[in-house]
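Undergrad: could you look at this predicted model? Sequence included:
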Amino acid sequence: MANLLDMLFGCWHKKFSFPITNRPGQRRSPAAALTGTYVVCLDCGKEFPYDWQEMKVVNAQPSRHAKALAANAAESYSKTA
């Protein structure tokens, strides 16, 4: 229910900071844990992983399709091993 309300009335995350890359030894943001680089929404302050290769914000939560593909790959690997 909270996700629905956030989707309707929450931040749309349209304005981002310049991508920030953590240096070795710095405290790593949870958003930077995925790619090492993150951006911040300038309206609400939420952090998002950023991919320099693709030059776009990365979806931090895998979709159901991606989860199903990973599960099928793991299942087929365990059958062959």
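TA: Sure thing, it's come through. Residues are numbered from 1 along each chain as shown.
Undergrad: could you pull out the helices for this structure?
TA: Using DSSP state H, the helices assigned to the chain run over residues 2-9, 32-35, 64-80.
Undergrad: the nearest residue to residue 14 once chain neighbours are set aside: how many residues sit nearby?
TA: The shortest distance from residue 14 to any non-neighbouring residue, by C-beta to C-beta, 6 or more residues apart in numbering, is to residue 43 (7.5 Å). No exception for glycine: its C-beta is placed from N, CA and C like everyone else's. Neighbours of residue 43 under the rule other C-beta atoms under 10 Å: 13.
Undergrad: quick one: residue 43 and residue 11 touch, right?
TA: Yes - taking contacts as C-beta atoms under 8 Å, residue 43 lies within contact range of residue 11: 5.2 Å.
Undergrad: picking up where we left off before, let me see the contact set for the residue nearest to residue 14.
TA: 11-15 (C-beta atoms under 8 Å, 6 or more residues apart in numbering).
Undergrad: I'd like those laid out as TSV, including distance to residue 49.
TA: Putting these into TSV (distance: C-beta to C-beta, whole Å) gives the following:
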residue	distance to residue 49
11	17
12	18
13	13
14	17
15	17
